[in-house]
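Undergrad: Turn this into a structure:
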Amino acid sequence: MKYHKLGRTDLDVSLIGLGTMTWGRQNSEAEGFKQMDYALGQGVNFFDTAEMYAIPPSAKTYGTTETIIGNWFASRKNRDSVILASKIAGPGLGWIRSGQNQIDRKNIIQAVESSLKRLQTDYIDLYQLHWPNRGSYHFGQIWDYAPDFDAQAIEDNFLEVLRTMAELIGAGKIRHIGLSNETAWGTAKWLQLAEQHNLPRMASIQNEYSLLCRHFEPDLGELSLHEKCGLLAWSPLTRGMLSGKYLDGKFPKGRRLSIETRQEHRARPQTDAAIQAYIALAKQHGLDVCKMALAFVNSRPFTTSTLIGATNMNQLKMNIDSVHLELSQEVLAGIAELRALHPMPF
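TA: Predicted structure coming up:
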């Protein structure tokens, strides 16, 4: 396994991070235990979860994934072996704190205490803001996102959040903080305010990034790299779509998209065309397309950790094994050509 520093912290996190959101919906607790056991044995020391998991989200599955991880910690007695990341949900989900879940002091304190209880731990290594209060261009909103907000009010909220995080760090309940689904403006503002007011600094930014979703480049990539606020890449296989299993409108029974309750904005004819092109490129070079896609994300200079998600052990083993694949210049050139032909498929 390879390891990178988490921002400017002293934590070394594995280049492959274990995503957990399927546990409690697509995967049972026993399957989650098996995944964690195997991943840890392969040197994966970074696990990522969130209060809103399992996914697809619902009131019934809320908090289930954290509970499974907590039960594993209690069973294995190995909390110190894992760098654990979780997240507070932003606004919009009616079953979280009665729909009043703005990211502010009151909600952060409640969310942290509840996550600690479910996780059966005294501390969370990286506590992240799942999406901004003001909205996000992620989750299919790229075409409609309109950054029209009161910047001063947003800055005031940022300072409230940072001061709350400082208190929680001082109390030993969290160690470091990070962003998720943020913009370049938001990330820069968080870093600026932390420096100006001597408050905790965002160590990372967890955004969607894959061969098909390259919104992180170039601006956030530049900011992330040079400000040492590294990318934790979620959905590096575009919800498994890069495997080709969803081509031509297919939704195999039991797969993620067959149980998803939300419209899948990534499923488009132009997305299929891009996927077919990447599959052909991988075959041309004797590669598995999923392993190629993960190796690409692993190789980006701004990537701190690539967050994999698997519903079976074969997928998990292949995903982790991608850390050993170095893409040739010919493959990278082919990827660059395909990006020019399929720049923004969704």
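
Undergrad: going forward, measure contacts between C-alpha atoms and count neighbours the same way
TA: Noted.

Undergrad: after the least confident helix or strand in the chain by mean pLDDT comes which helix or strand?
TA: Lowest on mean pLDDT, DSSP states H and E among the helices and strands of the chain sits helix 256-259, with a mean of 65. Remark: after helix 256-259, the chain's next helix or strand is helix 269-284, criterion DSSP states H and E.

Undergrad: quick one, the helix or strand just after that next one and helix 269-284 angle?
TA: Next helix or strand after helix 269-284 toward the C-terminus (DSSP H and E): helix 289-299. With axes from the mean of the first three to the mean of the last three Cα atoms, to 10 degrees applied, the angle from helix 289-299 to helix 269-284 works out at 90 degrees.

Undergrad: helices and strands around helix 289-299, which ones?
TA: Packing contacts for helix 289-299, counted by 3 or more Cα pairs under 8 Å, 6 or more residues apart in numbering; DSSP states H and E, involve helix 269-284, strand 303-308, helix 313-321.

Undergrad: Try it again at 7 Å.
TA: Helix 289-299 sits against helix 269-284, with contacts defined as 3 or more Cα pairs under 7 Å, 6 or more residues apart in numbering; DSSP states H and E.

Undergrad: For the helix it packs on, list the C-alpha coordinates in CSV.
TA: This file holds the C-alpha atoms of helix 269-284, laid out as CSV (Å, rounded to 0.1, in the frame of the first residue of the first chain):
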residue,chain,number,x,y,z
PRO,A,269,-26.5,8.2,-24.1
GLN,A,270,-23.3,10.4,-24.2
THR,A,271,-22.2,8.7,-21.0
ASP,A,272,-22.5,5.3,-22.6
ALA,A,273,-20.5,6.5,-25.5
ALA,A,274,-17.7,7.6,-23.2
ILE,A,275,-17.8,4.4,-21.2
GLN,A,276,-17.5,2.3,-24.3
ALA,A,277,-14.5,4.3,-25.4
TYR,A,278,-12.7,3.8,-22.1
ILE,A,279,-13.5,0.1,-22.2
ALA,A,280,-12.0,-0.1,-25.7
LEU,A,281,-8.9,1.7,-24.6
ALA,A,282,-8.4,-0.6,-21.6
LYS,A,283,-8.8,-3.7,-23.9
GLN,A,284,-6.3,-2.2,-26.4
